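>>> Predicted coordinates and the sequence they were generated for:
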Amino acid sequence: MADGMLCSMPRDSQTSPSPFGRTLLVTGPESLLADRAVTERVEAARAIVPEVEISWADAGELEATTLSEMCGGSLFASQRMAVIRSLSELNPDLVDMMVGLAKQPDPEIALVLVHPGGVKGKGLLDKLRKLKGTVDVVTCQPLKAWELGKFVQAEFRRLGARTEPQVAQQLVDAQGTDLRGLVAAVRQLHDDADGAPISEQLVSTYFAGRSEVSSFAVADAAIAGQTTRALEQLRWTLSTGTAPVLVTAALAMSLRGLGKFVTAPRGLRDAELAKEVGVPSWKLKTLRSQARGWDQGRIARALLVVAEADADVKGAAENADFALERAVLAISRGRQ
């Protein structure tokens with residue numbers, strides 16, 4: 001894979017000259033990355049045989065005869081590809097047959113097996129993973145929060161564009177954590193930028209008013225002790241239709257991140273510290289500034305305020321807006 005942070009796979013599978021006579025096992029719940037792994041293997045096969053015959057099937061629909069036909073020789077095509085999805089649904093009676101096909105692959109067949117992750121079918125996965133001589137494994141797990149900004153930067157690079165880490169994180173905050181949504185947003189920004197740099201202003205132009213962005217703006221201002229700005233941002237955010245629960249969620253997440261920063265071991269390098277806290281490296285500058293007015297006790301009390309506000313906006317209070325204003329005031333004034 002071009003970007004090692006996205007999916008993990010053995011180095012020898014990356015340099016394999018041909019997908020024929022081998023099996024690619026794609027496993028993990030992140031469907032976008034899994035789809036890309038399959039697409040890359042299909043493109044590798046087509047690079048060798050442009051008119052390669054490709055058979056697609058869901059494992060739950062397979063019988064012994066159809067599996068044999070898909071993965072066996074053909075009178076009409078010398079080299080073929082078989083892509084079998086939802087491997088967790090494979091009939092248990094076919095497990096040994098599938099392992100046999102992967103262990104002694106037909107040299108004319110490129111086999112791709114896709115498993116969504118989870119415990120179902122784990123026994124088959126374990127058997128396939130042991131076949132390191134003939135099976136390449138790609139694991140596609142959901143990205144951690146601190147990896148999403150890097151993912152966005154990598155997406156821009158795929159399109160021949162570049163952007164700064166803080167701009168990439170701004171897009172994550174605006175669009176959310178769904179990778180397909182992020183890819184679509186990157187494509188939109190790239191196409192409309194027409195070669196210009198992807199700037200914070202451009203992201204704001206397209207995504208101003210998104211719930212995640214405005215909610216975290218409230219949290220940042222409150223934690224920084226900027227009471228007037230925090231209240232103004234809160235009222236604007238609520239006026240745009242943002243759900244109150246998104247504001248309490250942003251307050252809680254920001255305070256928990258600050259808590260992790262305050263209690264992190266001393267002497268860590270920035271990359272290690274960012275991973276420990278679960279934020280992108282550029283965010284550390286903001287956290288260092290915020291942390292000057294907070295200690296563990298103050299953060300704990302602020303989290304209690306947020307918990308009470310969260311209960312209020314979910315029905316415990318008659319006026320959710322007032323409950324949020326009260327919480328923002330308490331947090332902002334709780335800074336030392």
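On my side now, so go ahead.
>>> Now do the SS call for the residue most central in space within the chain.
Closest to where the C-alpha atoms of the chain average out (C-alpha atoms, centre = their mean) is Leu143, at 3.6 Å. Recorded secondary structure, Leu143: coil (DSSP: H, G, I helix; E, B strand; the rest coil).
>>> buried residues in stretch 306-321?
Applying a neighbour-count criterion of 16 or more other C-beta atoms under 10 Å, the buried positions in stretch 306-321 are Val306, Glu308, Ala309, Asp310, Asp312, Val313, Ala317, Ala320. Where C-beta positions appear, they are placed from N, C-alpha and C, glycine not excepted.
>>> Please pull up the helix or strand immediately following the one helix or strand the fourth one maps to.
In this case it means Asp310. Following DSSP states H and E, one finds Asp310 within helix 296-311. Per DSSP H and E, helix 296-311 leads on to helix 320-334 as the next helix or strand towards the C-terminus.
>>> Now Asp136, what are its backbone angles?
Asp136 adopts backbone torsions of phi -100, psi 140, taken as degrees, to the nearest 10.
>>> Least confident of the buried residues of stretch 306-321?
Lowest-confidence member of the buried residues of stretch 306-321: Ala317, scoring 70 (pLDDT).
>>> list the contacts for it?
Shown in contact with Ala317 (C-beta atoms under 8 Å, 6 or more residues apart in numbering): Ala311, Ala323.
>>> give me that answer again for 6 Å
By C-beta atoms under 6 Å, 6 or more residues apart in numbering, Ala317 lies in contact with Ala323.
>>> cool, and the one 3 residues further on?
Ala320 is in contact with Pro244, Val313, counting by C-beta under 6 Å, 6+ apart.
>>> now Ser332
Ala222, Gly225, Thr227, Ala230.
>>> Could you rerun that using 7 Å?
Ala222, Gly225, Gln226, Thr227, Ala230 (C-beta atoms under 7 Å, 6 or more residues apart in numbering).
>>> Quick check: it vs Thr228, distance?
As judged by C-beta to C-beta, to the nearest Å, Ser332 and Thr228 stand 9 Å apart.
>>> same thing with Ala222?
Computed as C-beta to C-beta, the Ala222 to Thr228 distance reads 11 Å.
>>> do Val26 as well
Val26 sits 52 Å away from Thr228, going by C-beta to C-beta.
>>> same thing with Gly60?
For Gly60 relative to Thr228 (C-beta to C-beta), the value is 59 Å.
>>> Quick check on the two: which one has the bigger neighbour count.
The neighbour count for Gly60 versus Thr228, taken as other C-beta atoms under 10 Å, is higher for Gly60 (12 against 9).
>>> ok, for that one, nearest residue in space, not its chain neighbours?
Using C-beta to C-beta, 6 or more residues apart in numbering and skipping residues adjacent in sequence, the residue nearest Gly60 is Glu89, 3.3 Å away.
>>> how much space between the one you found and Arg335?
From Glu89 over to Arg335 (counting by C-beta to C-beta), the distance is 53 Å.
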